[in-house]
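**Q** mind folding the following:
(chains A, B, C and D)
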2 protein chains.
Amino acid sequence: MRVLIIEDNPRFAELISRGLRDHGYDVEHTASGHDGEQLGALKAHDLIVLDVMLPDQDGILVCRNLRRRKVSTPILMLTTLAATEDKVAGLNAGADDYLTKPFATDELVARVRALLRRGQGTESAVLKFGDIEMDLLKRSTTRAGQPIRLTAKEFALLEYFLRNPHRVLTRSLLGERVWDMNFEDDSNVIEVYVSRLRAKIDKGREQPLLQTVIGTGYKLSDET
Amino acid sequence: MRVLIIEDNPRFAELISRGLRDHGYDVEHTASGHDGEQLGALKAHDLIVLDVMLPDQDGILVCRNLRRRKVSTPILMLTTLAATEDKVAGLNAGADDYLTKPFATDELVARVRALLRRGQGTESAVLKFGDIEMDLLKRSTTRAGQPIRLTAKEFALLEYFLRNPHRVLTRSLLGERVWDMNFEDDSNVIEVYVSRLRAKIDKGREQPLLQTVIGTGYKLSDET
DNA sequence: ATTTGTTGTGACTACACTGTGACATCGCAA
DNA sequence: TTGCGATGTCACAGTGTAGTCACAACAAAT
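**A** Below you'll find the predicted structure:
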């Protein structure tokens, strides 16, 4: 899957690229609206991620121009504020979805997935690991058939672990993906939430799934 | 399975065709209501997807004419707004179900499946969940046999829940589908209507069906 | 013109969730 | 074993999110 990112801020661009690449997407990037328009029209992409605020040319204009040039690639618009005019203008210009900064990279990936799914066959909406099952559409979670009530953040965190089983996830990665992209690790939120998650999914089980990797981070695993 | 699509907007037509083709359907497409009527009457199809808004001839008229010409193929009507008159008029004209734009391709496929499963579209459109029954044509609702009087908005809201049982529906989704596509979530209409619906369908029951998923939205479910 | 019903708003209340800081505990290295 | 940094847990306060009510605006029917 090829994704084109049009974003001038290098930090954002880097984070987005990395996030998408980690999920197996082929990423191409340009900082200029003009170049983006050319690239979008020239090569075939499966999705375009487009910032509304660009130095040379307004993102909405880029979007409109692409549509005018019969480019039907789905477009995900990034807006800086929750400004409704932007949203409406973007959708009118032919965008398919929009996302307000700042956001967790995970959320971007989720949206990208959803947009790509619209065209393609459906992707399974159930994540499994061991006897844990998480249904993304129902927003329900079970362990060994027993329902587990999770809050929004707990759900997001567990989802990220389920999407990256056996892999060690660092604090900074979790912060960036589950909280937001500008996450600063001067607090212990992550420890707190891992603790809460453990209390809900590992409590009273002989086999703890959410394991600590000292000095690094955490991993979801059923091995020792 | 052969599906005939009558839709003038090329973007929609493309999305619908692709979505259905991906699921193994044989798709035929025309942009004109007139041609659609001819095609529908001439060749045998298993299903017709029909837009109400067509440049040359009203979709409702096309539907009525097809039925007059003894074409009993199930018809899925596409309406542009959450306009109730369109829906009722469509069903009265002989359509079997309707879908409000914009929709996810997934949803369309689900409806198409449901209609085809139902066999020939002689059966009236009734939605059920648990002991709730909703008759779309008669616009009546019952729970455990007891009739429940709903206003238009309440009806539309419950209908959307019944169409997506167990699935968590976000505020923005509900706003877009039940209110209108440019819905802004700066009010509490949705909370108010959910509250009103609950008062009518869940009041005095031990098992509440309309459940809150904090931080996300609502779902119609009988599980915990 | 009056009545009746529906829709959406604003205010208020209640409560769940989030993140913080303090403190306890663990694990590794010397 | 001791010490220290890293991790875990707890209770709390602030915030945000949801539920309910009364009401105003509007429409439809009489």
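
**Q** show me where pLDDT drops low in chain A?
**A** A:81-92, A:118-124, A:224 (pLDDT under 70).

**Q** give the next helix or strand downstream of the longest helix belonging to it.
**A** Longest helix in chain A, counting residues (DSSP state H): helix A:105-119. For helix A:105-119, the succeeding helix or strand toward the C-terminus, using DSSP states H and E, is strand A:126-129.

**Q** strands along chain A, start to end?
**A** Ranges of strands within chain A are A:2-6, A:26-30, A:47-51, A:75-79, A:97-100, A:126-129, A:132-135, A:140-143, A:146-148, A:169-170, A:210-213, A:217-220, based on DSSP state E.

**Q** and the residue of chain A nearest chain B?
**A** A:Ala152 (3.1 Å; C-beta to the nearest C-beta). (Each C-beta comes from the backbone N, C-alpha and C, glycine too.)

**Q** could I get the contacting residues of that residue?
**A** B:214-216 (C-beta atoms under 8 Å, 6 or more residues apart in numbering or on different chains).

**Q** 10 Å instead?
**A** Applying C-beta atoms under 10 Å, 6 or more residues apart in numbering or on different chains, we find A:Ala152 in contact with A:139, B:213-216.

**Q** same deal with A:Phe103?
**A** A:16, A:78, A:110-111, A:180-182.

**Q** and DNA strand D, which of those contact it?
**A** When contact is defined as C-beta under 7 Å from any atom of the strand, the contacts of A:Phe103 do not meet DNA strand D at all.

**Q** filter these to the buried ones?
**A** For the contacts of A:Phe103, a neighbour count by 16 or more other C-beta atoms under 10 Å in any protein chain shown gives the buried set as A:16, A:78, A:110-111, A:181.

**Q** for A:Val126, state which of those residues is nearest.
**A** Nearest to A:Val126 among the buried ones among the contacts of A:Phe103 is A:Ala110, at 14.8 Å by C-beta to C-beta.

**Q** hmm, back to that, adding distance to DNA strand C, write the strands of chain A out as JSON lines.
**A** Converted to JSON lines, the strands of chain A look like this (distance: least, C-beta to the nearest atom of the strand, whole Å):
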{"stretch": "strand A:2-6", "distance to DNA strand C": "26"}
{"stretch": "strand A:26-30", "distance to DNA strand C": "28"}
{"stretch": "strand A:47-51", "distance to DNA strand C": "24"}
{"stretch": "strand A:75-79", "distance to DNA strand C": "21"}
{"stretch": "strand A:97-100", "distance to DNA strand C": "16"}
{"stretch": "strand A:126-129", "distance to DNA strand C": "18"}
{"stretch": "strand A:132-135", "distance to DNA strand C": "16"}
{"stretch": "strand A:140-143", "distance to DNA strand C": "13"}
{"stretch": "strand A:146-148", "distance to DNA strand C": "12"}
{"stretch": "strand A:169-170", "distance to DNA strand C": "16"}
{"stretch": "strand A:210-213", "distance to DNA strand C": "8"}
{"stretch": "strand A:217-220", "distance to DNA strand C": "13"}
